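**Student:** give me the fold of what follows.
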Amino acid sequence: MNLLEFTHIIRKNVTVRDHIVDKKIVDVAKRAGVSAATVSRVLNESSLVSEKTKIKVLKAIEEMDYHPNAAAKHLRSQRTMTLGIIVPDINVSYFSEIIKGIENKAYAHKYKVLICDSDNQIEKEMEYLGLLPDKTVDGMILVTPRVSDDTINDYVQKGYVIGVVGRAVVHENILSCKTDNVKFSNEAVRHLVEQGHQQIAYIGGYSDSLENYERMEGYMKALKEGKIPFLPTLIDNGDFEETGGYQAFSRLLERNQSFTAVYCANDEMALGVYRACRERGIRIPEDMAVVGVDNNRITEYLLPSLSTVEQPKYEMGAHLTEKLIAQMNGNEQNAQKKYVIESKLIKRESSSFKR
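**Tutor:** Residues are numbered from 1 along each chain as shown. The predicted structure follows:
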């Protein structure tokens, strides 16, 4: 297999190890009762394989007199010049713009990217992380809040290169690039308070994500500054999805707790709020003010246009990639690891009605 064929395999999102090892590896896997990927990890001396499984695989290799292809082993030891990207949903424009920044910066450094769409399934995200010990990619960029800090730390401590966009991870060797969720959320809710709103609801994302907690912290801080009591009944979660936003807003209305404004932790959920308001005859902004986060392209063209926080999505992806590649090449061993990029509140029609 030449380098061109090798690159072609990666770009088609096909597992490289299936192409660069002898076909007999499949027979070894069957005999040992494990997957071909596990056999590959044992051959690569991965620390992610348990001792019991390793012994079982080595026994099968010995019984079948299997000798790993020398050329394949050499290929696995070299750089792939490929970066993996794990995202929860590639259809969401927030993620697609970050990916564009990553891809363009990677291309400028002669790297290819392998996009892994987990469809919001943590099991798939954990499986994609396995591309690191399998040496399918040189580094991994996480654009997902679901993978825990402990899991990321475990991989980095084993020598794998990981960067994170949209959140910070407490580990000195992990690069991260994010915005200040508390700061911009505080600004967004203060804007609603200045517009005369005293009952303001909050629709958050994943209940266990750090960015959701930080945006809620900014919301609560603004309420306190405006001497507005915090009401738990005005809080709900929409999992950062349009349907989730629709359902969360509907639940808020069913609680019979009056409110005149809602701050959504992203624009996707704000779209769900728009749909729910339209179905119920609730006028935006006269009856209900709405503010989102991300400044997705569609927000400017909604009727009424959506007030939102502009997240520098492309810039975050590009900046993180630049620093990650420099780290992999040994150019920034002692450089800064945590980067925060400024956001901007864009006031549009959906919050323009002063009460």
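**Student:** only C-alpha atoms for contact and neighbour calcs from this point on.
**Tutor:** Fine.
**Student:** show me where the stretch 101-250 of the chain has helices.
**Tutor:** Taking DSSP state H, counting those that start in this stretch as the test, the helices found in the stretch 101-250 of the chain are 122-129, 149-157, 181-194, 210-225, 242-254.
**Student:** now render those helices as TSV, adding distance to L271 and mean neighbour count.
**Tutor:** Below are those laid out as TSV (distance: least, Cα to Cα, whole Å; neighbours: other Cα atoms under 10 Å):
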stretch	distance to L271	mean neighbour count
helix 122-129	25	16
helix 149-157	30	15
helix 181-194	17	22
helix 210-225	18	20
helix 242-254	6	20
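**Student:** okay, the ones you listed in CSV with distance to K30 and mean pLDDT next?
**Tutor:** Output for the helices of the stretch 101-250 of the chain, formatted as CSV (distance: least, Cα to Cα, whole Å; pLDDT from 0 to 100):
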stretch, distance to K30, mean pLDDT
helix 122-129, 20, 94
helix 149-157, 28, 90
helix 181-194, 49, 98
helix 210-225, 42, 95
helix 242-254, 43, 97
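**Student:** out of those, which comes closest to S352?
**Tutor:** helix 181-194 (9.2 Å; Cα to Cα).
**Student:** just the buried residues of stretch 295-304, please?
**Tutor:** Residues 295-296, 299-300, 304 are the ones in stretch 295-304 that count as buried (16 or more other Cα atoms under 10 Å).
**Student:** for stretch 322-339, same thing?
**Tutor:** Within stretch 322-339, the residues scored as buried using 16+ other Cα under 10 Å are 323-325, 327, 337-339.
**Student:** these in helices, which ones?
**Tutor:** If you go by DSSP state H, those have 323-325, 327 in helices.
**Student:** what's the closest of the residues you listed to S352?
**Tutor:** K323 (39.9 Å).
**Student:** quick check: the closest one vs G205, distance?
**Tutor:** Remark: distance between K323 and G205 (Cα to Cα, to the nearest Å) = 28 Å.
**Student:** now swap in R278 and tell me
**Tutor:** Distance from R278 to G205, by Cα to Cα: 22 Å.
**Student:** check P145 too.
**Tutor:** On the measure of Cα to Cα, P145 and G205 end up 10 Å apart.
**Student:** more crowded one of these two?
**Tutor:** Neighbour count, other Cα atoms under 10 Å: between P145 and G205, G205 has more, with 26 against 23.
**Student:** what sits against that one?
**Tutor:** Contacts for G205 (Cα atoms under 8 Å, 6 or more residues apart in numbering) come out as 212, 237-241, 265-266.
**Student:** most widely separated two among those?
**Tutor:** Spanning the widest gap among these are N212 and E241, at 13.1 Å by Cα to Cα.
**Student:** most neighbours, which of the contacts of G205?
**Tutor:** Highest neighbour count within the contacts of G205, by other Cα under 10 Å: A265, with 31 neighbours.
**Student:** can I get the ones in helices among the buried residues of stretch 322-339 in JSON lines with pLDDT and distance to R31?
**Tutor:** Below are those laid out as JSON lines (pLDDT from 0 to 100; distance: Cα to Cα, whole Å):
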{"residue": "K323", "pLDDT": "93", "distance to R31": "44"}
{"residue": "L324", "pLDDT": "93", "distance to R31": "40"}
{"residue": "I325", "pLDDT": "93", "distance to R31": "40"}
{"residue": "Q327", "pLDDT": "86", "distance to R31": "41"}
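**Student:** dump the residue contacts of the nearest residue to K344 once chain neighbours are set aside.
**Tutor:** Nearest residue to K344, sequence neighbours excluded (Cα to Cα, 6 or more residues apart in numbering): E310, at 5.1 Å. By Cα under 8 Å, 6+ apart, the residues touching E310 are 293-295, 343-346.
**Student:** let's see 6 Å
**Tutor:** Counting by Cα atoms under 6 Å, 6 or more residues apart in numbering, E310 touches 294-295, 343-344.
**Student:** which stretches of the protein have low pLDDT?
**Tutor:** 1-23, 47, 67-77, 332-334 (pLDDT under 70).
**Student:** how about S209, phi and psi?
**Tutor:** phi -90, psi 140 (degrees, to the nearest 10).
**Student:** against G101, how distant is the nearest residue to Q195 once chain neighbours are set aside?
**Tutor:** Leaving out its chain neighbours, the residue that sits closest to Q195 by Cα to Cα, 6+ apart is K354, at 4.8 Å. The spacing between K354 and G101, counted by Cα to Cα, is 38 Å.
**Student:** of the two, who's got more company?
**Tutor:** Higher neighbour count among K354 and G101: G101, with 19 against 13, using other Cα under 10 Å.
**Student:** name the SS class of Y314, please.
**Tutor:** helix (DSSP: H, G, I helix; E, B strand; the rest coil).
**Student:** can you report phi and psi for the residue nearest to Q247 when sequence neighbours are not counted?
**Tutor:** Nearest non-adjacent residue to Q247, counting by Cα to Cα, 6+ apart: G238, 7.1 Å away. Backbone geometry at G238, expressed as degrees, to the nearest 10, gives phi -120, psi 10.
**Student:** wouldn't G238 be in contact with Y246 here?
**Tutor:** No: applying Cα atoms under 6 Å as the test, G238 and Y246 come out as separate, 7.7 Å apart.
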